[in-house]
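*Asks:* everything below, folded, please.
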Amino acid sequence: MNPSRPSLQILLSVLCTALTYFMIGLPLAVLPQWVSSDMGFSAATAGLAISVQYVATIVSRGMVGPMVDTSGPRRAILIGLLCGAASGAILLAASRFAATPSLALTILFASRIALGFGESLVGTGAIAWGIGRTGSEHTARIISWNGIATYGAIAAGAPAGVLLFHLGGMTAVGLALAATGIAGVAFVWPQPATRTIQAERMPYAAVFARVLPYGAALGLGGIGFGVIGSFISLYYSDHGWPAAWIAISSFGVAFVLARLLFVGSIARHGGLAVALAFLAVETMGLMMIWLAGIPAVAALGSAIAGFGFALIFPALGMVVVDLVPPQNRGAAIGAYSMFTDIALCITGPAAGILAGSAGFTAPFLFGGVASLLGVGIVALLIQRASPSSRSLRF
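*Replies:* Residues are numbered from 1 along each chain as shown. Predicted coordinates:
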């Protein structure tokens, strides 16, 4: 470990995240078709097959954070990658029983649960490992790079999964998933562990209580992301507009650019100030989509929303890791990350009900109001902070 080369140390931990989310991306685009078209289940069951992974991630967050603190992030990452490999092996078993759909679906759920646990272990462990390697002063950059790796790896994994599915069915996808997990273990195994701090730890409930308002603001910002990901295509279709992919791509490109170009602003201006500004930007983008009369305005609003959403997680995350002693960082990161998981889980059903009753513009108003509430929470946190902490210094 060489703390004088922080970029290399961050990159090594980020690669663990990339491998994990590549595994998550592999079955993402093909599972619904396999469950509904090939095995004959309903679209709701196909959706459940996707969602059960996220439920497993949420449920495991409370266990994983303290585990990272006590056993070290490297061990958590290794176990998480093994969970990914196991998910692939179980998916292979499910593919073998495709002729017995009920049995195959049950086995598939086990595969999704294993992958959800792996996501939680590596997602929390990689950030904690990066901080342990380089120091908490690099927290914002660590979280930003991990976020870029997350979305980039899913974007690479999904088409790779489609190609593999066409070449060899779900068997090929399962093999690739297992092989990626094993490759990740081989990559992490020779790397040194960071020192585990042996000191009295805060109870998890106390950590959660400290993280709660920051996580709530993050979750409210995450609703806008969930709405765009789930409903922008339906919104375009409802208006009779072509090329919804432009709005989706605009969101992604703006997200990555903001993280690459402006992550340094968090250290300069403070996490709360940056979170306040970028939540406001996200709110503006979502309101633009809600009011858009032409597709160009909707695409611009999507880009602005992606730009605003980009720095909410790292900005508030930098504050969160300083709320607790170093021996509780894993628990704090896990608790904080859980709010994004929860937001994405509730956004689909809640926004779907709104769309059904008030049209496909309503989810974007919902997202805009949610992020505006996030602005209010952060403004209150700034007001509560000490004068030196709330100086905006722009």
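*Asks:* contacts for stretch 47-66?
*Replies:* 24, 28, 31-32, 35, 76, 105, 108-109, 112-117, 119-121, 123-125, 201, 204, 207-208, 330-335, 337-338, 341-342, 344-345 (Cβ atoms under 8 Å, 6 or more residues apart in numbering). Every C-beta, even on glycine, is put in place using the N, C-alpha and C of the backbone.
*Asks:* so how far is that stretch from its chain's centroid?
*Replies:* Its chain's C-alpha centre and that of stretch 47-66 lie 12 Å apart, by Cα atoms, centre = their mean, to the nearest Å.
*Asks:* tell me which residues in it are buried?
*Replies:* Residues of stretch 47-66 classed as buried: 48-49, 51-54, 56-62, 64-66 (neighbour count, 16 or more other Cβ atoms under 10 Å).
*Asks:* the contacts of stretch 47-66 in helices, which ones?
*Replies:* 24, 31-32, 76, 105, 108-109, 112-117, 119-121, 123-125, 204, 207-208, 330-335, 337-338, 341-342, 344-345 (DSSP state H).
*Asks:* buried among these? Need that as a selection in PyMOL.
*Replies:* PyMOL command restricting the ones in helices among the contacts of stretch 47-66 to the buried ones, with burial defined by 16+ other Cβ under 10 Å:
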select buried, resi 24+31+32+76+105+108+109+112+113+114+115+116+117+119+120+121+123+124+125+204+207+208+330+331+332+333+334+335+337+338+341+342+344+345
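*Asks:* before we move on, the earlier item: tell me the one among the buried residues of stretch 47-66 nearest to residue 84.
*Replies:* residue 53 (11.2 Å; Cβ to Cβ).
*Asks:* tell me which element that closest one falls in.
*Replies:* helix 43-71 (DSSP states H and E).
*Asks:* for that helix, the averaged confidence score.
*Replies:* Throughout helix 43-71, pLDDT has a mean value of 83.
*Asks:* what of stretch 217-229?
*Replies:* On average, stretch 217-229 scores 91.
*Asks:* mean confidence for stretch 115-134?
*Replies:* 90.
*Asks:* wait, stretch 157-175
*Replies:* 92.
*Asks:* mind listing what's buried in stretch 265-275?
*Replies:* For stretch 265-275, using 16+ other Cβ under 10 Å, the buried residues are 265-266, 269-275.
*Asks:* taking those residues one by one, which sit in helices?
*Replies:* 265-266, 269, 271-275.
*Asks:* which of these sits closest to residue 219?
*Replies:* residue 275 (12.7 Å).
*Asks:* apart from its neighbours in sequence, what residue is nearest the closest one?
*Replies:* Closest residue to residue 275 apart from its sequence neighbours, by Cβ to Cβ, 6 or more residues apart in numbering: residue 315 at 4.1 Å.
*Asks:* quick one: distance of the helix or strand encompassing that neighbour to the chain centre.
*Replies:* According to DSSP H and E, residue 315 maps onto helix 312-321. Centroid separation between helix 312-321 and its chain, computed with Cα atoms, centre = their mean, is 14 Å.
*Asks:* ok, residue 190 to residue 120 distance?
*Replies:* In this view, residue 190 and residue 120 are 24 Å apart by Cβ to Cβ, to the nearest Å.
*Asks:* meant to ask about residue 164
*Replies:* 25 Å.
*Asks:* next: residue 330.
*Replies:* 11 Å.
*Asks:* now swap in residue 304 and tell me
*Replies:* Counting by Cβ to Cβ - residue 304 and residue 120 are separated by 31 Å.
*Asks:* packing partners of the helix holding residue 315?
*Replies:* Packing partners of helix 312-321 (3 or more Cβ pairs under 8 Å, 6 or more residues apart in numbering; DSSP states H and E): helix 139-188, helix 204-239, helix 264-269, helix 271-291, helix 329-358.
*Asks:* other SSEs contacting the last one?
*Replies:* The reference is to helix 329-358. helix 43-71, helix 101-134, helix 204-239, helix 312-321, helix 362-384.
*Asks:* likewise the longest one?
*Replies:* Using 3+ Cβ pairs under 8 Å, 6+ apart as the contact criterion, the neighbours of helix 139-188 among helices and strands are helix 6-25, helix 73-96, helix 101-134, helix 244-262, helix 312-321.
*Asks:* that helix versus helix 101-134: what angle between them?
*Replies:* 120 degrees (axes from the mean of the first three to the mean of the last three Cα atoms, to 10 degrees).
*Asks:* quick check: angle from helix 139-188 to helix 73-96?
*Replies:* Using the same axes, to 10 degrees: helix 139-188 against helix 73-96 is 60 degrees.
*Asks:* i'd like the first residue to be 6 from this point on
*Replies:* Sure thing, new numbering starts at 6, so read that last one as helix 144-193.
*Asks:* low-confidence ranges, the stretch 156-305 of the chain, go.
*Replies:* 204 (pLDDT under 70).
*Asks:* what about residue 84, distance to residue 126?
*Replies:* Note on residue 84: its distance to residue 126, by Cβ to Cβ, is 5 Å.
*Asks:* list the contacts of residue 351.
*Replies:* Contacts of residue 351 by Cβ under 8 Å, 6+ apart are residue 228.
*Asks:* what's the neighbour count on residue 378?
*Replies:* 17 (other Cβ atoms under 10 Å).
*Asks:* for stretch 80-96, buried residues please.
*Replies:* Neighbour count says stretch 80-96 has 80-96 buried, by 16+ other Cβ under 10 Å.
*Asks:* just stretch 362-380 next, same as before
*Replies:* 365-380.
*Asks:* so for the residue located most distally from the centre of the chain, what's the pLDDT?
*Replies:* Computed with Cα atoms, centre = their mean, the residue of the chain farthest from its C-alpha average is residue 104, at 34.1 Å. If you check residue 104, the pLDDT there is 88.
*Asks:* for it, which three-state class applies?
*Replies:* coil (DSSP: H, G, I helix; E, B strand; the rest coil).
*Asks:* got the phi and psi for it?
*Replies:* Here is the backbone geometry of residue 104 (degrees, to the nearest 10): phi -70, psi -10.
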